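> could you work out the structure for the sequence below:
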Amino acid sequence: MVKRKLALSNSFRKSYKKFIAKKPLLKPLIQSALLKLEEEPFLPELKTNKLSGNLFGLYACSCGYDCRIIFSIEKDRKSKSEVILLIDIGTHDEVY
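Here you go, the predicted model:
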């Protein structure tokens with residue numbers, strides 16, 4: 001089993017606060033998606049996909065109806081674990 005940890009970028013923190021303020025009912029779905037993402041980023045229910053264009057090299061996963069999380073998967077050289085860097089969260093139109 002691969003060890004993973006989540007890391008939140010400043011842009012993710014800001015987007016998360018704004019998004020939760022608008023849609024507080026999605027908070028439990030987002031928390032659940034983050035736990036699953038840390039466990040296994042490619043679980044079918046997350047619908048993770050590689051992005052292209054301006055977001056080439058990044059991934060997106062679903063955390064409920066019209067809610068997406070943009071992230072990258074990095075390697076921590078010291079611990080040899082994977083770091084999932086959360087970059088953005090929002091509706092489809094907000095993040096793409």
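
> drop to CA atoms for contacts and neighbour counts, all remaining ones
OK.

> quick one: furthest residue from the center of this structure?
K78 (23.0 Å; C-alpha atoms, centre = their mean).

> that one belongs to a strand, doesn't it?
No. If the criterion is DSSP: H, G, I helix; E, B strand; the rest coil, then K78 is coil and not within a strand.

> other residues contacting the one helix or strand S32 maps to?
Counting by DSSP states H and E, the element that carries S32 is helix 27-39. For helix 27-39, the external contacting residues (C-alpha atoms under 8 Å, 6 or more residues apart in numbering) are 4-6, 20, 43, 46, 62-64, 84.

> how about a cut-off of 6 Å?
Contacts to helix 27-39, defined as C-alpha atoms under 6 Å, 6 or more residues apart in numbering, come from residues 4, 63.

> quick one: strands adjacent to the helix or strand just after it?
Following helix 27-39 in sequence order, the next helix or strand is strand 49-50 (DSSP H and E). Strand 49-50 has the following strand partners under DSSP bridges: strand 59-62 (antiparallel).

> now for the helix or strand following the partner strand, which elements pack on it?
Next helix or strand after strand 59-62 toward the C-terminus (DSSP H and E): strand 68-75. Contacts defined by 3 or more C-alpha pairs under 6 Å, 6 or more residues apart in numbering; DSSP states H and E place strand 68-75 against strand 59-62, strand 82-90.

> what about the residue lying closest to L86 once chain neighbours are set aside, neighbour count?
The shortest distance from L86 to any non-neighbouring residue, by C-alpha to C-alpha, 6 or more residues apart in numbering, is to F71 (4.5 Å). When neighbours are defined as other C-alpha atoms under 10 Å, F71 has 29 of them.

> with adjacent residues omitted, what lies nearest to the most centrally placed residue in the chain?
Centroid-nearest residue in the chain: I69, 3.6 Å away (criterion: C-alpha atoms, centre = their mean). Spatial nearest neighbour of I69, chain neighbours left out: I89 (4.5 Å); criterion: C-alpha to C-alpha, 6+ apart.
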